[in-house]
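Student: sequence first, then the predicted structure, then my questions.
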2 protein chains.
Amino acid sequence: MSDEQYMQLALTEASKAEQAGEVPIGCIIVSQGHIVGRGYNLTETLQDVTAHAEIQAITAASQTLGGKYLSDCTLYVTVEPCVMCAGAIGWAQVSRLVYGADDPKRGYTRFAPQALHPKCQVSAGILAESCRQIVQQFFQKKR
Amino acid sequence: MSDEQYMQLALTEASKAEQAGEVPIGCIIVSQGHIVGRGYNLTETLQDVTAHAEIQAITAASQTLGGKYLSDCTLYVTVEPCVMCAGAIGWAQVSRLVYGADDPKRGYTRFAPQALHPKCQVSAGILAESCRQIVQQFFQKKR
């Protein structure tokens, strides 16, 4: 499967967040062609700021793989990770990060550019327009 | 109670981590004189990099208070938060952060100095020597 196909699955996770009334951001983690973790934003439902899509997917993947290091994994997330999530991605030694839309206000590239593991490869902008639109439409409906 | 007395309670949490074979770091969260959250490092036990003391204490405090913002809370942690935890402390809008020992290798002041909420007040170095020693002794025993 291509990066675009995996990102489409992350968008499916984002849709689940939207249905739960949450800012629609979704994440999947892939190891050797298998999905080992999924997550979507649940900060309102759980009333917990740490319940970002990436944090939940990392916890799930660690559970699936039976270890805390995700060094042969690719993490796909619809929006650029924040500082907290980039820190978690760094601790987990995720070897590749793929994200969709930029987040100039909260994204790690602005606030913590060295948060990831030094060997982590990053691809940005995959299905960026779809990833941006689902968030934008969520906030438009809220107004 | 003074900052030193609260930090002593965070050190008690750190001791629990040590007893579990974990890097001994502990955290408590205080709101209006009441302890509303506690946590200690459990990354090995849970095999989950996100199981830092602060993350667990934030989740606990949110549960106790019934809301995700901890804007009238002080977070005490024995070691300077990492990027991940500083990001979480920022999202939770914690109004005051008190930490013991510096962490020049992984601390947020080096890698993400703007991660906290702009209004968050920070006090560093409270019982720093005790907070540093418990970690140092843990690693000495491991060798």
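Tutor: Done, it's in.
Student: quick one: mean pLDDT over stretch A:85-99.
Tutor: On average, the pLDDT along stretch A:85-99 is 98.
Student: er, stretch A:42-56 I mean
Tutor: 97.
Student: touching chain B at all, it?
Tutor: Yes. Using C-beta under 8 Å from any C-beta of the partner chain as the criterion, contacts between stretch A:42-56 and chain B involve A:43, A:44, A:46, A:47, A:48, A:49, A:50, A:55. Placement of C-beta: from N, CA and C, glycine included.
Student: for the first one, which non-adjacent residue is closest in space?
Tutor: Right, the one you point to is residue A:43. Distance criterion C-beta to C-beta, 6 or more residues apart in numbering or on different chains; nearest residue to residue A:43, sequence neighbours excluded, is residue A:51 at 4.9 Å.
Student: how about the secondary structure of that neighbour?
Tutor: coil (DSSP: H, G, I helix; E, B strand; the rest coil).
Student: surely it and residue A:41 touch.
Tutor: Yes. With contacts counted by C-beta atoms under 8 Å, residue A:51 reaches residue A:41, the gap being 7.0 Å.
Student: who has more neighbours out of the two?
Tutor: residue A:41 (27 against 20; other C-beta atoms under 10 Å in any protein chain shown).
Student: now flag whichever of the residues of stretch A:42-56 next to chain B is closest to residue A:94.
Tutor: The nearest member of those to residue A:94, counting by C-beta to C-beta, is residue A:55 at 12.5 Å.
Student: residues from chain A in reach of chain B?
Tutor: Contacts of chain A with chain B, taken as C-beta under 8 Å from any C-beta, map to A:43-44, A:46-50, A:55, A:58-59, A:62-63, A:66-69, A:82-88, A:90-92, A:111-112, A:114-115.
Student: now the residues you listed: which count as buried?
Tutor: If you count burial by 16 or more other C-beta atoms under 10 Å in any protein chain shown, the buried members of the residues of chain A next to chain B come out as A:43, A:46-50, A:55, A:58-59, A:62, A:68-69, A:82-88, A:90-92, A:111-112, A:115.
Student: kind regards, and thank you for your time.
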